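**Student:** make a model of this:
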Amino acid sequence: MAKLALINNFDDAEGGPSRRTARFRKWFSELDVVHRSELGEAEFRQSLYGRYDGFVLSGSPHDVTDIGKPQESWMKDQIRFILDSPKPVLGTCFGHQLLCHAFGATVDFIKPDTPRKNNMPARLVLEKPVALLPSVNVGGTFAAEESHNQEVMLESLPAVLENVAVPEPAWQKANAALKESEVQLVRHTSRPIWGTQFHPEAFDGADVYVERTGGALLRQFEVLCDAARS
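**Tutor:** Numbers count the residues shown, from 1 in each chain. Presented below is the predicted three-dimensional model:
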């Protein structure tokens, strides 16, 4: 199977709480962790393309809106990495936001100020077919867990990115105070690039369907990376 690399966007070398890395490793056959700080060297970034068959961008406590600050210059290095990648890329949570920003979308704080933290549940509906979730039919719903205080603005999505999943209307109505993010799952129209605002690696919540769908999505990403090698 494909050999993948997880780009760790947390401050520590282990990928945030150690269980986060373990969550991803549960679903992939072979996964190495690369810290975000290592992407500053152009030669090293190029070497990764030859060593791995696909890349997953992790969540982060950092905000994409801080990208202009000197201490956050690593975000620009990662954007170069995303744009130049000849291999499949999957961004999750912060990684999803940075990926969308790389192609021209606007990321901002959730308004009203109701950040979705502490592994809050969500119910999403698939509006268009997507290779990452072949088992979910168009119009079908799936459960997810989320934890973020910024979101991608739907109206800012560039033509090359298509949003294919949104909050399920009945769930959103019942949880209106949360103002769930509209951009939940994006796909690039011509490249093997995807982003999920939710955390597909989450599987320690009470809802077994979170684990089932998230795990299926990650395993399918590995399948797509493996297919891209041929």
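**Student:** what is the lengthiest strand in the chain packed up against?
**Tutor:** Assignment by DSSP state E gives strand 116-126 as the longest strand of the chain. Applying 3 or more CB pairs under 8 Å, 6 or more residues apart in numbering; DSSP states H and E, one finds that strand 116-126 makes contact with strand 141-148, strand 161-167, helix 169-174. (Each C-beta comes from the backbone N, C-alpha and C, glycine too.)
**Student:** next secondary structure after the longest one?
**Tutor:** Scanning forward in sequence from strand 141-148, with DSSP states H and E defining helices and strands, the next element found is strand 150-152.
**Student:** sheet partners, orientation included, of that next one?
**Tutor:** strand 107-109 (antiparallel) (DSSP bridges).
**Student:** can you give me the distance of Asn175 to Pro167?
**Tutor:** 8 Å (CB to CB, to the nearest Å).
**Student:** pull the longest helix from this protein.
**Tutor:** Assignment by DSSP state H gives helix 208-228 as the longest helix of the chain.
**Student:** what's the distance between that helix and the middle of its chain?
**Tutor:** 12 Å (CA atoms, centre = their mean, to the nearest Å).
**Student:** quick one: mean pLDDT for that helix?
**Tutor:** Helix 208-228 comes out with an average pLDDT of 89.
**Student:** buried set for stretch 132-139?
**Tutor:** Buried residues in stretch 132-139, counted by 16 or more other CB atoms under 10 Å: Leu132, Leu133, Val136.
**Student:** give me the buried positions along stretch 91-105.
**Tutor:** Buried residues in stretch 91-105, counted by 16+ other CB under 10 Å: 91-103, 105.
**Student:** so can I have JSON lines of those showing secondary structure?
**Tutor:** Output for those, formatted as JSON lines (DSSP: H, G, I helix; E, B strand; the rest coil):
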{"residue": "Gly91", "secondary structure": "strand"}
{"residue": "Thr92", "secondary structure": "strand"}
{"residue": "Cys93", "secondary structure": "coil"}
{"residue": "Phe94", "secondary structure": "helix"}
{"residue": "Gly95", "secondary structure": "helix"}
{"residue": "His96", "secondary structure": "helix"}
{"residue": "Gln97", "secondary structure": "helix"}
{"residue": "Leu98", "secondary structure": "helix"}
{"residue": "Leu99", "secondary structure": "helix"}
{"residue": "Cys100", "secondary structure": "helix"}
{"residue": "His101", "secondary structure": "helix"}
{"residue": "Ala102", "secondary structure": "helix"}
{"residue": "Phe103", "secondary structure": "coil"}
{"residue": "Ala105", "secondary structure": "coil"}
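**Student:** got those as a markdown table, with distance to Lys3 and pLDDT columns?
**Tutor:** A markdown table is the format used below for those (distance: CB to CB, whole Å; pLDDT from 0 to 100):
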| residue | distance to Lys3 | pLDDT |
| --- | --- | --- |
| Gly91 | 19 | 98 |
| Thr92 | 19 | 97 |
| Cys93 | 23 | 95 |
| Phe94 | 23 | 96 |
| Gly95 | 19 | 97 |
| His96 | 22 | 98 |
| Gln97 | 26 | 98 |
| Leu98 | 23 | 98 |
| Leu99 | 21 | 98 |
| Cys100 | 26 | 98 |
| His101 | 27 | 98 |
| Ala102 | 23 | 98 |
| Phe103 | 26 | 98 |
| Ala105 | 29 | 98 |
